[in-house]
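> with the sequence up front, the predicted model follows.
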Amino acid sequence: MATTINKQRVVTHLLEAFSKPTESEPDPLPVLEQFIYGLCREDSTPEQAGRAFKTLKSRFFDWNEVRVSSVREIEDALAGLSNAESRAQRLLSFLQEVFEATFSFDLDGLTKKALKQAAKQLTRYQAADEYIGAWVVQRTLGGHSVPVDQATMRVCRRLHLIGEEDAEGARSHLEHLVPKAKGAAFTDGVSVLAEDFCWESSPCCATCPLNADCPSSQVGTESATRAHRVRSR
């Protein structure tokens, strides 16, 4: 396993290779919308999630119209995301649960609560998971949190930033490696790396900007070299 210094160097290189410069930080979304965006964002890239979220907001008059729509209608709006039907069902469940509890679609009262209390309340929704809770904490509630989905787990394990711990353990470990100010950039960068190079099967290691930093890539290269030598004898 890589040392902490080596892990921090890998994090730095990842941020340098995949962070997109922005003129200014966008205003955070309201809590409810950030939850919905997080539902779109899990195991997708910023561009994919952004398109789906924009389609939801443009195709429906408001969140109440989304709530009373069919799963198929929501699924169509989420086209381009993996598991679109499951996401649509979770979105409808979330909006219904919020509406039944508050008769509104405003969760911004959570911003006035202590961070741990707000995060705990978020994860009580049936549609919530570890990723969405961490996402809202990172993007709207101002806490230091690194959302971990399957793509993040895959990339960070191959880079030896984490071991075989579960998502909660991986998140805790990454929060010690990634500075709070770089949390959002790291989350987005890992997603782009997973989408463009670090695929689940047959990853494109040869052209990956982190090839020299990735122990898994080096192992693959060494194995291929040994196999070539055997065949050449």
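That came through, no problem. Numbering: from 1, shown residues only.
> now do the nearest residue to residue 89 once chain neighbours are set aside against residue 123, distance only.
Residue nearest to residue 89 in three dimensions, not counting chain neighbours: residue 71, with 5.7 Å by Cβ to Cβ, 6 or more residues apart in numbering. (Glycine included, C-beta is placed from N, CA and C.) Computed as Cβ to Cβ, to the nearest Å, the residue 71 to residue 123 distance reads 23 Å.
> what are the phi and psi values for the residue nearest the centre of the chain?
The centroid of the chain falls nearest to residue 42 when counting by Cα atoms, centre = their mean (4.6 Å). Residue 42 adopts backbone torsions of phi -60, psi 130, taken as degrees, to the nearest 10.
> that one touches residue 132, doesn't it?
Yes. Contact criterion Cβ atoms under 8 Å: residue 42 and residue 132 qualify, at 6.9 Å.
> I figured the residue nearest to residue 89 hits residue 88, correct?
Yes. Using Cβ under 8 Å, residue 71 is in contact with residue 88, at 4.9 Å.
> which ones are touching the closest residue in space to residue 18 that isn't next to it in sequence?
Excluding the flanking residues, the one nearest residue 18 by Cβ to Cβ, 6+ apart is residue 189, at 3.4 Å. If you count contacts by Cβ atoms under 8 Å, 6 or more residues apart in numbering, residue 189 has them with 14, 15, 17, 18, 19.
> apply 7 Å and report the result again.
Residues in contact with residue 189 (Cβ atoms under 7 Å, 6 or more residues apart in numbering) are 14, 15, 18, 19.
> so what touches stretch 192-209?
The contact list for stretch 192-209 (Cβ under 7 Å, 6+ apart) reads 14, 17-18, 45, 151, 154-155, 158, 210-211, 214, 217, 220.
> returning to what we had before: most neighbours out of the contacts of residue 189, which is it?
residue 14 (25 neighbours; other Cβ atoms under 10 Å).
> element containing the nearest residue to it once chain neighbours are set aside?
Among residues not flanking residue 14 along the chain, residue 189 sits closest, at 5.4 Å (Cβ to Cβ, 6+ apart). Using DSSP states H and E, the element containing residue 189 is helix 183-196.
> again, but for residue 90
In this structure, residue 90 is located in helix 84-102 according to DSSP H and E.
> same for that helix, what does it pack against?
Helix 84-102 sits against helix 31-41, helix 63-67, helix 71-77, with contacts defined as 3 or more Cβ pairs under 7 Å, 6 or more residues apart in numbering; DSSP states H and E.
> at 6 Å instead, please
helix 63-67, helix 71-77 (3 or more Cβ pairs under 6 Å, 6 or more residues apart in numbering; DSSP states H and E).
> give the buried residues for it.
84, 87, 88, 90, 91, 92, 94, 95, 97, 98 (16 or more other Cβ atoms under 10 Å).
> residue 72 is in contact with the third one, correct?
No. Between residue 88 and residue 72 there is no contact under Cβ atoms under 6 Å: 7.9 Å.
> can you list the domains in the chain?
Domain assignment for the chain by automatic domain parsing gives 1-18+147-233, 31-139.
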